[in-house]
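Engineer: Sequence plus predicted model, see below.
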Amino acid sequence: MEMDTVNAWLTVYGIRILGAVVILVLGIWLSKLLTKLLRKILSSRNVEPTLIGFTSNLAYSGLLVFVIIAALNQVGFQTTSLIAVIGAAGLAIGLTLQSSLSNFAAGVMMTIFKPFKAGDFIEGGGTAGVVEQILIFSTQLRTGDNKTVIVPNGSLLSGNIVNYSTKDTRRLDLVIGVGYDDDIRKVKEVLLDIIAAEDRFLKDPAPVVAVLELADSSVNFAFRPWVKGSDYWPTYFDTLETIKLRFDEAGISIPYPQSDVHMIPVPADKPAA
């Protein structure tokens, strides 16, 4: 009788152990297969290699934990408490690394949707510069004065990102103020002549020169020609210099803010307040 009980016990637990081994082997094989598939999908989207490796390893580790729990459950271990402990540990780690996980998630989103790429000039996260590297948790920018700025990916994705490199052309937006005593028809003629003489200004889209505002101390003109993106800053600086020189030649004034002060005489027999 005791031998039959032992044989029955060995049979039951032998089947459970065999089932656990099968679950473990198949689970590891399937985990590797899914991880390999994930790598292919990320590679086809030209995701950063570092991010592919990190994401794949993270996915593989998560799948292995699931497989091990399933195998232990098959043997007969009470995995409910284990799952609760793992869940609590995961929650604690998640709360501790909330900022890092946010940056990681933002890095994944940026590599998938690609709002910018290495070499683009962008503005975001409170700074502007050329993108040098897009890493897992941060993006490395090079500013115009050759400083390296590391911007957390979460800061970039949580705000507006201005990408100046996605379009081939840019509009030069200048506000040119002249005096109220100047002939605005002459001013417009000079500004249009400056545009016509500059080869870097594009004919299409057509430039705009028009009165923008009658301000407190000046008549402001909108000066809006189009240039190639690579010519923007050289043309910007040269145009400002040319406008000043041409205005000086034409006798057109560029006023500065000023106020009229009216002096009220006080009678001699009346003390000043």
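Structural biologist: Yep, it's here. This one's a predicted model, so the numbers in the text were calculated from it and none came from an experiment.
Engineer: burial measure for E198, as a count.
Structural biologist: If you count neighbours by other Cβ atoms under 10 Å, E198 ends up with 16. C-betas here are computed from N, CA, C, even on glycine.
Engineer: Hmm, I typed the wrong one, I wanted F104.
Structural biologist: F104: 19 neighbours (other Cβ under 10 Å).
Engineer: Model confidence score at it, please.
Structural biologist: With respect to pLDDT, F104 has a value of 76.
Engineer: Torsion angles phi and psi at I264?
Structural biologist: Main-chain dihedrals, I264, degrees, to the nearest 10: phi -100, psi 120.
Engineer: Could you number the chain from 53 rather than 1 from now on?
Structural biologist: Renumbered: residue one is now 53, and that last one reads I316.
Engineer: So for this protein, which residue is the most central one in space?
Structural biologist: The centre of the chain sits closest to L208, judged by Cα atoms, centre = their mean, with a distance of 4.1 Å.
Engineer: so what's that one up against?
Structural biologist: When contacts are counted by Cβ atoms under 8 Å, 6 or more residues apart in numbering, L208 touches A158, M162, G176, G177, T191.
Engineer: same check, this time on V203
Structural biologist: Taking Cβ under 8 Å, 6+ apart as the test, what V203 contacts is G176, G177, G178, T179, S190, T191, Q192, L193.
Engineer: Correct me if wrong: the third one contacts S207.
Structural biologist: Put plainly, it is G178. Yes: counting by Cβ atoms under 8 Å, S207 is a contact partner of G178 at 7.2 Å.
Engineer: Which one of the two is surrounded by more residues?
Structural biologist: Shown here are G178 and S207; by other Cβ under 10 Å, S207 has more neighbours (17 against 10).
Engineer: so that one is in which element?
Structural biologist: helix 205-209 (DSSP states H and E).
Engineer: Is it correct that G181 falls within a strand?
Structural biologist: Yes: counting by DSSP: H, G, I helix; E, B strand; the rest coil, G181 is part of a strand.
Engineer: correct me, but it touches V201?
Structural biologist: Yes: contact criterion Cβ under 8 Å: G181 and V201 qualify, at 6.0 Å.
Engineer: shared neighbours, these two?
Structural biologist: With Cβ under 8 Å, 6+ apart as the test, G181 and V201 both reach L193, R194, T195.
Engineer: Tell me, how many residues neighbour H314?
Structural biologist: 4.
Engineer: Check what pLDDT it gets.
Structural biologist: In this model, H314 is scored at 72, pLDDT.
Engineer: so how far is L208 from it?
Structural biologist: H314 sits 53 Å away from L208, going by Cβ to Cβ, to the nearest Å.
Engineer: Let me see the ranges of the helices in the stretch 153-302 of the chain.
Structural biologist: 205-209, 236-249, 284-302 (DSSP state H, counting those that start in this stretch).
Engineer: Which single one of the contacts of V203 is nearest to R97?
Structural biologist: Distance to R97 across the contacts of V203 (Cβ to Cβ) is lowest for T191, with 17.7 Å.
Engineer: Skip the chain neighbours and tell me the closest residue to that closest one.
Structural biologist: V203 (5.2 Å; Cβ to Cβ, 6 or more residues apart in numbering).
Engineer: Quickly name whichever of the contacts of L208 is closest to L110.
Structural biologist: A158 (15.6 Å).
Engineer: contacting residues for the closest one?
Structural biologist: Applying Cβ under 8 Å, 6+ apart, we find A158 in contact with P204, N205, G206, L208, L209, S210.
Engineer: same check, this time on V279
Structural biologist: Residues in contact with V279 (Cβ under 8 Å, 6+ apart) are T221, R222, R223, L224, R252, F253, L254, T287.
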